[in-house]
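Enquirer: Provide a 3D model corresponding to the input given below.
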Amino acid sequence: MYLVETNDLVKKYGKNIVVDHVNMHIPEGSIYGFVGENGSGKTTIMRLLTGLAEPTSGGYSLFGVSNRSNKIYDKRREMSAIVETTSLVPSMTAIDNMIFQEMYLGIKLTPEQRMELLTKVHLENVGKKKVKNFSLGMKQRMGIALALLNHPKLMLLDEPMNGLDPQGIAELRDLLIELNKDEGITVLISSHILSELEKIASVYGFISHGHLIEELTVEELQERCRKSLKIKVDDIKQIEEVLQKLKIKEYKIFPNGDVKIYDEVDIGKFVSDLASQKVHISSINSSDESVEEYYLNLVKGVAY
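Expert: Numbering: from 1, shown residues only. Next up, the predicted model:
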């Protein structure tokens, strides 16, 4: 089941198309890593999903309910979001911030429930310290505590790792994994720190200039980033026959003529063997990409 689906979602500001016919799918129980450069449309999509902005055309559904249905307001109560900035009151303590947010949401927690939430985000020892004296990492975790007040099934986080030091990143990463696995919360998270997304995401969406270029699972991404010898050929049918003849066991042939060889091969001998079989190679290189390299190479190959 998809908790979030968008259908040809478009958002324009004047003549500027910020989100261009985006079709994204966020599976229930996933951590969806949303990858894109500044201005790619990530924040705008989160604003659309939370009702902070309205689509120019197209639409979306939350928990199977269309944004055009009156029931969408009820479904938004099952989600929470930190978009652009955390809504903390710096002059208040952690507990006072929680009480203030409860009033806004129309709910009331017991002192024990509040402390349970603070413990969950590892802020149980802040006492009466005002939020303005928190570190950036503590503020991010406090923001997540507020986002958990309504027991959400879906959480949207816009660049929550920005500006954090390595310890703050590790603490936030561990917290999100815990919330996903133990609480069953589905997470949509955007981040520029792709090396950290690699450690938590189960699904990826790659977006650039308002276009969602590709969605794939972590297993599919690992397969594509797996260490391999990459060649480009003219004749797909011919290369498959030749690879079988050369007893190459692990390989993948893509429709555009790219071939990835996962077997350990002697490159010089392999090229010589292909030449003897009259296989024309237009390029050859070793491939062992990170998520960041995969994204950058993906973007290079897309024309707008």
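
Enquirer: in the longest strand along the chain, what counts as buried?
Expert: Criterion DSSP state E: the longest strand present in the chain is strand 2-13. Neighbour counts over strand 2-13 (16 or more other C-beta atoms under 10 Å) mark Tyr2, Leu3, Val4, Glu5, Thr6, Asn7, Leu9, Val10, Lys11 as buried. Any C-beta I mention is one placed from the backbone N, CA and C, and that applies to glycine too.

Enquirer: what packs against that strand?
Expert: Where contact means 3 or more C-beta pairs under 8 Å, 6 or more residues apart in numbering; DSSP states H and E, strand 2-13 is packed against strand 16-22, strand 25-27, helix 42-50, strand 57-62.

Enquirer: As CSV, these with mean pLDDT would be great.
Expert: Shown next, in CSV, are these (pLDDT from 0 to 100):
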stretch, mean pLDDT
strand 16-22, 96
strand 25-27, 98
helix 42-50, 96
strand 57-62, 97
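
Enquirer: Ranking the ones you listed by mean neighbour count, which comes first?
Expert: Mean neighbour count (mean count of other C-beta atoms under 10 Å) peaks for helix 42-50 among the helices and strands packed on strand 2-13, with a mean of 22.

Enquirer: just to revisit the earlier point, next, the angle from the longest strand of the chain to strand 57-62.
Expert: When axes from the mean of the first three to the mean of the last three C-alpha atoms, to 10 degrees is applied, the directions of strand 2-13 and strand 57-62 differ by 150 degrees.

Enquirer: Which one of the buried residues of strand 2-13 is nearest to Ile248?
Expert: Nearest to Ile248, judged by C-beta to C-beta, of those is Tyr2 at 37.8 Å.

Enquirer: doesn't Glu28 make contact with the closest one?
Expert: Yes. Tyr2 is within contact range of Glu28, at 7.1 Å (criterion: C-beta atoms under 8 Å).

Enquirer: Give the residues shared as contacts by the two.
Expert: Where contact means C-beta atoms under 8 Å, 6 or more residues apart in numbering, no residue is in contact with each of Tyr2 and Glu28.

Enquirer: Show me the residue at the heart of this protein, geometrically.
Expert: Gly33 (1.2 Å; C-alpha atoms, centre = their mean).

Enquirer: Quick check: it is in a strand.
Expert: Yes. Secondary structure of Gly33 (DSSP: H, G, I helix; E, B strand; the rest coil): part of a strand.

Enquirer: Identify the residue nearest it in space, chain neighbours excluded?
Expert: Once flanking residues are discounted, Gly33 sits nearest to Ala201: 3.2 Å by C-beta to C-beta, 6 or more residues apart in numbering.

Enquirer: Distance of Arg68 relative to Pro55?
Expert: Relative to Pro55, Arg68 is positioned 10 Å away (criterion: C-beta to C-beta, to the nearest Å).

Enquirer: still on that earlier bit, which ones are touching the residue nearest to Gly33?
Expert: Listed by C-beta under 8 Å, 6+ apart, the contact partners of Ala201 are Ile31, Tyr32, Gly33, Ile189, Val218.

Enquirer: Also Leu243?
Expert: Leu243 neighbours (C-beta under 8 Å, 6+ apart): Tyr251, Val259, Ile261.

Enquirer: mind redoing it with 6 Å?
Expert: Listed by C-beta atoms under 6 Å, 6 or more residues apart in numbering, the contact partners of Leu243 are Tyr251.

Enquirer: Now name the helix or strand holding it.
Expert: In this structure, Leu243 sits in helix 236-245 according to DSSP states H and E.

Enquirer: And that helix, how far out from the chain middle?
Expert: 37 Å (C-alpha atoms, centre = their mean, to the nearest Å).

Enquirer: That'll do, ta.
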